[in-house]
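Peer 1: Need a 3D model of the following:
(chains A, B and C)
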Amino acid sequence: MSIESRLDELGIVLPAAAAPVASYTPVVVEGGLAYVSGQLPFVDGALVTGRVGDDVSLEDGQAAARACGLMIIAQLKAAGIDLNNVKRVVKLGAFVCCTPNYTDQPKVANGASDLMQDVFGEAGVHARAAVGVPALPLGAAVEVDAIIALNPT
Amino acid sequence: MSIESRLDELGIVLPAAAAPVASYTPVVVEGGLAYVSGQLPFVDGALVTGRVGDDVSLEDGQAAARACGLMIIAQLKAAGIDLNNVKRVVKLGAFVCCTPNYTDQPKVANGASDLMQDVFGEAGVHARAAVGVPALPLGAAVEVDAIIALNPT
Amino acid sequence: MSIESRLDELGIVLPAAAAPVASYTPVVVEGGLAYVSGQLPFVDGALVTGRVGDDVSLEDGQAAARACGLMIIAQLKAAGIDLNNVKRVVKLGAFVCCTPNYTDQPKVANGASDLMQDVFGEAGVHARAAVGVPALPLGAAVEVDAIIALNPT
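Peer 2: Numbering: from 1, shown residues only, chains lettered A, B, ... in the order given. So this is what the prediction gives:
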């Protein structure tokens, strides 16, 4: 099954690829790897802001991480990459805006990780680092960047 | 000398490779590089928790970073990688849970960096980024991820 | 025009490449990529310290990020890399020491991103992640690391 069909089957509509909020580009492909800039969580066009452990619940944090993952996929497409050419999701970096005593960053980040496995299957199983941070761009609750291996075309 | 012999010589017993605490995998190999997920510090099976500059001393932070490094090596082995095939430790990313006025993250991270050089010699000399964070998974004091170049097999 | 001539044209004098503040090396080249360690901002030889949103203004934060970018370029040179062999600035990671309610990390990081485009032109357009952190080595206001693709030599 193609990845686009898989997205349809999962009922996933990719968001519009967000323009970079600054002087960089969303995706650079080099040496067979697509380096995807840190993506912020947009749900229905609105940025998910706040702090997990305070005004953002675990569930909302997971949904935000998933939204970051969807934006990563949307950015790949917007960069002209056929999603069927994704060979492997190599690494995700998840930054969770949270209170200093919050320790469930891995559960939050699973929102993005589970999405990758839902969409890409075995090729979606990746290495990951998840950490807490005190502040993210535009007040976002979560930011996720990615390294994605592509098949030769 | 083989790396396993070097470990013996150093009196190092690798920890049991920890299972991921979430929906990801510890190691992805792609394009000759092993991307190792962020590893937490287990000493004698117990997670080292706390905050450097508060309830964790510099020395304990260094020991925690070293434990993260040992877990990186343990994860490579658990992924079926012969440690003699490590060509170069390319990059370590060290996240130190610390107080906002703590500035010795490099000294803390040296716990992992020195280990890599002790074990792999010249091949263990790596690039690194070390930063402070307010919170880490499970309350860990340090988290370290890695990119490791492998010889072709 | 050579990159060195471009630096002259821009009136840029690269800083002396800073020695690592700990047990690592500034640059590792592997598989055609130069991995540059997290660089701190030195302006006229003095480290820019403080916290954006508190005692560091946006403008000073941007200048600090630019100084990190200059140090990245200086480290490439110091590692024996001809700047004309820079194929592409692939990824920057920007860590901004800031207050918990600060949300303009992207504007701060632009100090480094704009520099890369000024110096390397199209080859300087990169992927990026920018996040806030509570504390950086030596009290630095900004830290930036990089992945740089090199032409085969």
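Peer 1: which residues of chain A fall in helices?
Peer 2: Assigned helices in chain A, in chain order: A:3-9, A:58-78, A:105-120 (criterion: DSSP state H).
Peer 1: Would you mind getting the angle between the longest one and helix A:105-120?
Peer 2: Right, the one you point to is helix A:58-78. Helix A:58-78 runs at 40 degrees relative to helix A:105-120, counting by axes from the mean of the first three to the mean of the last three CA atoms, to 10 degrees.
Peer 1: Report whether the strand ranked longest in chain A contacts chain B.
Peer 2: Secondary structure assigned by DSSP state E gives strand A:86-97 as the longest strand of chain A. Yes: for strand A:86-97, a contact with chain B is found by CB under 8 Å from any CB of the partner chain, at A:87-88, A:90-92. In this view, the C-beta of every residue, glycine as well, is placed from N, C-alpha and C.
Peer 1: Could you single out the nearest of these to C:Gln39?
Peer 2: Set against C:Gln39, the nearest of the residues of strand A:86-97 next to chain B by CB to CB is A:Lys91 (21.7 Å).
Peer 1: Find the residue at the geometric middle of chain A.
Peer 2: Among the residues of chain A, A:Gly69 comes closest to the average C-alpha position under CA atoms, centre = their mean, at 2.3 Å.
Peer 1: you'd agree that one is up against A:Leu115?
Peer 2: Yes: A:Gly69 lies in contact with A:Leu115 (CB atoms under 8 Å); the separation is 4.1 Å.
Peer 1: Next up, the contacts around A:Leu33.
Peer 2: By CB atoms under 8 Å, 6 or more residues apart in numbering or on different chains, the residues touching A:Leu33 are A:90, A:147-150, B:30-31.
Peer 1: Residue numbers of chain A in contact with chain C?
Peer 2: Residues of chain A lying near chain C (CB under 8 Å from any CB): A:20-28, A:30-31, A:35-38, A:93, A:95, A:133-139, A:143, A:145.
Peer 1: when you check these against the strands, which ones overlap?
Peer 2: A:27-28, A:30, A:35-38, A:93, A:95, A:133, A:143, A:145.
Peer 1: can you tell me which two in those are farthest apart?
Peer 2: Going by CB to CB, the pair spanning those furthest: A:Glu30 and A:Val133, at 26.5 Å.
Peer 1: Neighbour count: the two, which is higher?
Peer 2: Ranked by neighbour count (other CB atoms under 10 Å in any protein chain shown), A:Glu30 and A:Val133 place A:Val133 first, with 28 against 19.
Peer 1: need the contact list for the more buried one.
Peer 2: A:Val133 sits next to A:95-98, B:133-134, C:131-133 when contact means CB under 8 Å, 6+ apart.
Peer 1: between those, which has the most around it?
Peer 2: Across these, neighbour numbers were computed from other CB under 10 Å; A:Cys97 holds the maximum, 32 neighbours.
Peer 1: Quick check, that residue in contact with A:Val52.
Peer 2: Yes: using CB under 8 Å, A:Cys97 is in contact with A:Val52, at 6.6 Å.
Peer 1: what sits in contact with each of those two?
Peer 2: The contact sets of A:Cys97 and A:Val52 overlap at A:141-142 (CB under 8 Å, 6+ apart).
Peer 1: Name all residues that make contact with the closest residue to A:Val89 other than its chain neighbours.
Peer 2: Once flanking residues are discounted, A:Val89 sits nearest to A:His126: 4.2 Å by CB to CB, 6 or more residues apart in numbering or on different chains. Counting by CB under 8 Å, 6+ apart, A:His126 touches A:88-92, A:113, A:116, B:24-25, B:28.
Peer 1: Perfect, that will be all.
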